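Enquirer: with the input below, show me the fold.
(one chain, ligands or ions: 2)
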Amino acid sequence: MTASAEALADAFGRAAALLAGADSVAVLTGAGISTDSGIPDFRGPQGVWTRDPAAERRSNITTYIADPQVRRDAWRIRAESAMFSAAPNEGHRALTHLGDRLHTLVTQNIDGLHLQAGTPADRLVEIHGTVHRWECVDCGARGPMEEALERVRSGEVDPPCPICGGIMKSATILFGQSLVAADLARAERAAAEAEVLLAIGTSLSVFPVAGMVPIAVTAGRPVIIVNAQPTEMDELAEVVLQGSATELLPALIP
Ligand code: NAD
Ligand code: ZN
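Expert: Ligands and ions are numbered 1, 2, ... in the order given. Okay, the predicted model is just below:
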């Protein structure tokens, strides 16, 4: 074995032992767990923002409300999005092997793939919301996204809310919007309470969610990071596994 292969094998062994020995595991996932399901991340080499910086405007609540062109673009992109036909991969499925040892799975993803893979809804926090529902910015009405996409496909380029005529968006948290306080509290509690925190496929650069890592460390809990590239918080982790979540997770959580 080369020195780097030996180092990876050693890190893998330590991570597997930490996970096998824990009665409760908190998990934080980001866009990287879903790239092998065909959904690009934001900041990886093929990331949406890496390739098209203008895309960031569609993720901002102020520009979304102020600029009808931003909304028309957003609806057109939603109507064509790979997110609605994507299926969970081996990484999502491996996390279901934690069974009752899963304390809480906090995902920054809005693609719904953890639910589809079978993670129980009562242990899942979709902290940035879900694309599978729409919501009205003005009256708060919500409904299934498919309803809204049908309207877009039949020619409504920026469909108004069916209840109040206001601005509709996907039920996701855009930049400039606050998280749901109860969801954030659950995430922070999970980081402090679970015996181990496993962070997967996230650059750990979006706050306050990334704050789960320092919270775990402060509470004396080891953190395992699985990511294709270095993250903002590698130096806080007990173990860093650089590689593919789809390959590593089935081996880590058999
Ligand atoms: P990010 O784009 O900042 O980071 C993703 C990280 O995953 C990168 O560091 C990348 O190197 C790594 N990665 C990519 N493919 C991987 C793989 N197969 N295995 C292991 N690592 C891999 O994503 P983030 O930290 O989640 O933050 C971005 C924000 O974007 C989130 O808040 C989320 O709401 C949103 N987002 C969601 C989706 C989705 O729902 N699938 C997709 C894009 C962005
Ligand atoms: Zn409304």
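Enquirer: ok, and does stretch 243-254 reach over to ligand 1?
Expert: Yes - residues of stretch 243-254 contacting ligand 1 under CB under 6 Å from any ligand atom: 244-246. C-beta: built from backbone N, CA, C; applies to glycine.
Enquirer: show me how far that stretch is from its chain's centre.
Expert: Stretch 243-254 sits 17 Å away from the centroid of its parent chain (CA atoms, centre = their mean, to the nearest Å).
Enquirer: need the pLDDT of the nearest residue to V70 once chain neighbours are set aside.
Expert: Residue nearest to V70 in three dimensions, not counting chain neighbours: T63, with 5.1 Å by CB to CB, 6 or more residues apart in numbering. pLDDT, T63: 93.
Enquirer: how about W49?
Expert: Reading off the model, W49 has pLDDT 67.
Enquirer: just D234 next, same as before
Expert: 98.
Enquirer: OK, contacts around it?
Expert: Going by CB atoms under 8 Å, 6 or more residues apart in numbering, D234 touches 225, 240.
Enquirer: hmm, back to that, phi and psi next, for the residue nearest to V70.
Expert: Main-chain dihedrals, T63, degrees, to the nearest 10: phi -70, psi -30.
Enquirer: roughly how far apart are it and ligand 2?
Expert: 20 Å (CB to the ion, to the nearest Å).
Enquirer: what subset of the residues of stretch 243-254 next to ligand 1 is buried?
Expert: Using 16 or more other CB atoms under 10 Å as the burial test, those include 244-246 as buried.
Enquirer: show me which of the residues of stretch 243-254 next to ligand 1 is closest to ligand 2.
Expert: Nearest to ligand 2 among the residues of stretch 243-254 next to ligand 1: A245, at 37.8 Å, using CB to the ion.
Enquirer: and that closest one, what does it touch?
Expert: By CB under 8 Å, 6+ apart, A245 lies in contact with 32-33, 36, 91, 200-201, 226-228.
Enquirer: and the pLDDT for R57?
Expert: At R57, pLDDT is 76.
Enquirer: just give the nearest non-adjacent residue to it, would you?
Expert: Per CB to CB, 6+ apart, closest to R57 is T63, 4.7 Å.
Enquirer: count of residues packed around that neighbour?
Expert: T63: 18 surrounding residues under other CB atoms under 10 Å.
Enquirer: please apply the same query to the one 10 residues further on.
Expert: The tally of other residues near D73 (other CB under 10 Å) stands at 18.
Enquirer: where's the residue nearest to it when sequence neighbours are not counted relative to ligand 2, distance?
Expert: Once flanking residues are discounted, D73 sits nearest to R58: 6.2 Å by CB to CB, 6+ apart. Counting by CB to the ion, the separation of R58 from ligand 2 is 20 Å.
Enquirer: which residues does R58 contact?
Expert: Counting by CB under 8 Å, 6+ apart, R58 has contacts 64, 70, 73-74, 77.
Enquirer: ligand 2: which of these is nearest?
Expert: Looking across the contacts of R58 and measuring by CB to the ion, the closest to ligand 2 is Y64, at 14.9 Å.
Enquirer: C-terminal to the helix or strand hosting the closest one, what's the next element?
Expert: Using DSSP states H and E, the element containing Y64 is helix 61-66. Downstream of helix 61-66, the next assigned helix or strand under DSSP H and E is helix 68-80.
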